[in-house]
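# Sequence and predicted structure are below.
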Amino acid sequence: CRLMIIPNQKYVKKELVSELRKFIEDGGKVLILGEDSLKLTEKNLPNSQDDLDYIFSNSIVMPYVGFADHMASPTKDELYSTVRNTLKELGLYTISVVDTVTGNPVDDVEYNVGIYNGKLIINLVNYEADKNVKIYVGDKLLEKARELRDNYEIGSEISLKKYMPITLEAEIDNHFLDTIGHWAEDSIVALANDGIIYGISDSRFAPNRSISRVEILALLMRKMGIDSTDKYTTNVPDVNENDWFAGVIQAAVKNGIIEENKNFRPNEKATREEMCELLVKCYEKQHGAISDYKKITFEDCSEMTDETSISKAVEKGLMVGISDNIFAPQSTATRAEAATILSRFN
């Protein structure tokens, strides 16, 4: 779940408020209708003001006016617009259907989107008056598709008859729908096309999900063209021969990337600092030791335990700070960050 909507709910269970704060801290987005929402427990006692302050300052809050039979404020258009814009920010609203006359998203049209055999599949049903629509994938107009029910080609303008469903199939450059418009989209698509990186499904890459230490290592082995199919015969204490990554560990030990007889912590989330360490070891395996590097001057150097690896990675352009002054060495790395770093690794 990426977006939660609180529908003018003043009384909630006490536990909900602390759980909602955790949801936001873990990257979830909340839209709250009503400035009095969440204020009281089911026993009419005040909820934690500290949690409420955090939730309201990190959520979208819309004033609410409602009556027994309808909602007066926000209006339907205001609510739809806010939800659509929020979904776009979260990468969940990448396929849009717009009216050809107004250019606005259509109402009363249900559409479902998926990926099959690397192609975009869209099923649409119009529940109101006949209308013509266009489909956008991100900001790009879908210029042609094939209607699968009756097997005919269709252009950029699509006629929707009332209650007559159509199913379209179209070629698109990027079939990871959750990365369309993402800052790392180009890197992800290029690496996926080269067979270096994979999605978590045919249609999802999960760019903002944390990546584990062994996943980073597996990607680097693949990028370097190192065979990871050998039988596991080495000794890394926290790895066994039945693990999916046993061959990756075997190859990494054989090539001097990681040490034998030492825990690797394969399933732990990789920090940005740990990513630097693996990057530098792989780079030096291919190009020799990096000796011509400058000491970094980030404001958070005190948080680093391996300043040398970070300095080398920054010197070679393999890693950059999250800003000019901050590197965030202990922050967990994401799948999107891994993709951009792999695209730089040569």
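Yep, that arrived.
# which residues in the stretch 51-200 of the chain form strands?
Remark: strands assigned in the stretch 51-200 of the chain by DSSP state E, counting those that start in this stretch are 60-62, 65-66, 71-73, 95-99, 109-116, 119-126, 131-137, 140-141, 145-147, 152-154, 158-160, 166-170.
# Figure out which of those strands is closest to D186.
Between D186 and these, the shortest separation by CB to CB is 13.7 Å, and it involves strand 140-141. In short, each C-beta sits where N, CA and C put it, glycine included.
# Adjacent strands (with direction) for the closest one?
When pairing is defined by DSSP bridges, strand 140-141 lines up against strand 131-137 (antiparallel).
# For the strand it pairs with, list the C-alpha coordinates in PDB.
Extracted as PDB, the C-alpha positions of strand 131-137 are listed here (Å, rounded to 0.1, in the frame of the first residue of the first chain):
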ATOM      1  CA  LYS A 131     -16.800   9.500 -26.200                       C
ATOM      2  CA  ASN A 132     -13.400   9.700 -28.000                       C
ATOM      3  CA  VAL A 133     -10.300   9.400 -25.800                       C
ATOM      4  CA  LYS A 134      -6.500   9.300 -26.100                       C
ATOM      5  CA  ILE A 135      -4.100   7.200 -23.900                       C
ATOM      6  CA  TYR A 136      -0.900   8.500 -22.500                       C
ATOM      7  CA  VAL A 137       1.900   6.400 -21.100                       C
END
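# list the buried ones in stretch 301-312?
304, 306-307, 309-312 (16 or more other CB atoms under 10 Å).
# pLDDT on it, on average?
Here stretch 301-312 scores 93 as its mean pLDDT.
# picking that back up, for A206, find the nearest of the strands of the stretch 51-200 of the chain.
strand 109-116 (14.2 Å).
# CA atoms of the helix ranked longest in the chain as CSV?
Longest helix in the chain, counting residues (DSSP state H): helix 272-287. The C-alpha trace of helix 272-287 is given here as CSV (Å, rounded to 0.1, in the frame of the first residue of the first chain):
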residue,chain,number,x,y,z
ARG,A,272,25.2,3.3,0.5
GLU,A,273,28.6,2.8,2.2
GLU,A,274,28.5,-0.9,1.7
MET,A,275,27.6,-0.4,-1.9
CYS,A,276,30.8,1.7,-2.3
GLU,A,277,32.9,-1.1,-0.9
LEU,A,278,31.6,-3.7,-3.4
LEU,A,279,31.8,-1.3,-6.3
VAL,A,280,35.4,-0.4,-5.6
LYS,A,281,36.4,-4.0,-5.2
CYS,A,282,34.8,-4.9,-8.5
TYR,A,283,36.3,-1.9,-10.2
GLU,A,284,39.7,-2.6,-8.9
LYS,A,285,39.4,-6.3,-10.0
GLN,A,286,38.9,-5.1,-13.6
HIS,A,287,41.1,-2.0,-13.7
